[in-house]
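Peer 1: show me how the following folds:
(chains A and B)
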Amino acid sequence: DGGITQSPKYLFRKEGQNVTLSCEQNLNHDAMYWYRQDPGQGLRLIYYSQIVNDFQKGDIAEGYSVSREKKESFPLTVTSAQKNPTAFYLCATRKTGTGGYTFGSGTRLTVV
Amino acid sequence: AQSVTQLGSHVSVSEGALVLLRCNYSSSVPPYLFWYVQYPNQGLQLLLKYTTGATLVKGINGFEAEFKKSETSFHLTKPSAHMSDAAEYFCAVSGKDGNEKLTFGTGTRLTIIP
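Peer 2: Next up is the predicted model:
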């Protein structure tokens, strides 16, 4: 079945560490997105990529980095510069022209 | 630029009662509008979307929404609430053709009272 795989489902990070969240898709969608979700704040866009080898900052990119070396993959690195990284992270894809997004099941990151 | 306002961060209805979740949008271009549902610790699932054409849109699980341009609204309704409807609901907007970024509201948590 086509879909989006986010891994791991739960991730614990020590302060000062970088961690990478995986997002893989086999939907053949061009665009991929990373959102951060905090209680009461909805979803906020971190980074997005509309084609391979190109990506743009979203509304809250500070402390995060991404790469898009393959169409299927869009990993997100949460760096030590991100001051409050504890959140639920959602990856999404979009097929060009359809408007709607398909979401992965998310990764919950906790700083310990 | 687009924005979405969801009125009411928490809504409670009795089982069998009407569900009404409110969404107002702002967009400088003709919008594409969406409703998503999220169950705990899961991703978002598309309930329905409006792109062009008929302004009353039917979605999954008995939900529907009506695009009202004059009121800049896209409220979500369901005639009879079921316990399984308890979840968080997000309204979202993107620009014309749907090729622009999706902007989400802050969400409405729906509780169903037995």
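
Peer 1: spatially central residue in chain B, please.
Peer 2: Taking C-alpha atoms, centre = their mean, the centroid of chain B lies closest to residue B:35, which sits 3.4 Å from it.

Peer 1: can you tell me the closest non-neighbouring residue to that residue?
Peer 2: residue B:47 (4.3 Å; C-beta to C-beta, 6 or more residues apart in numbering or on different chains). C-beta here means a position set from N, CA and C on the backbone, and glycine is covered the same way.

Peer 1: and the average pLDDT for the helix or strand containing the one you found is what?
Peer 2: Per DSSP states H and E, residue B:47 falls inside strand B:44-50. For strand B:44-50, mean pLDDT rounds to 94.

Peer 1: and stretch A:16-23, by the same measure?
Peer 2: For stretch A:16-23, the per-residue pLDDT averages 94.

Peer 1: is it true that residue A:112 touches residue A:12?
Peer 2: Yes - using C-beta atoms under 8 Å, residue A:112 is in contact with residue A:12, at 5.2 Å.

Peer 1: comparing these two, which residue is more hemmed in?
Peer 2: Comparing residue A:112 with residue A:12 by other C-beta atoms under 10 Å in any protein chain shown, the one with more neighbours is residue A:12, at 13 against 7.

Peer 1: contact residues of chain A facing chain B?
Peer 2: Contact residues (C-beta under 8 Å from any C-beta of the partner chain) of chain A with chain B: A:4, A:6, A:33, A:35, A:40-43, A:45, A:48, A:58, A:88, A:90, A:92, A:94, A:96-106, A:108.
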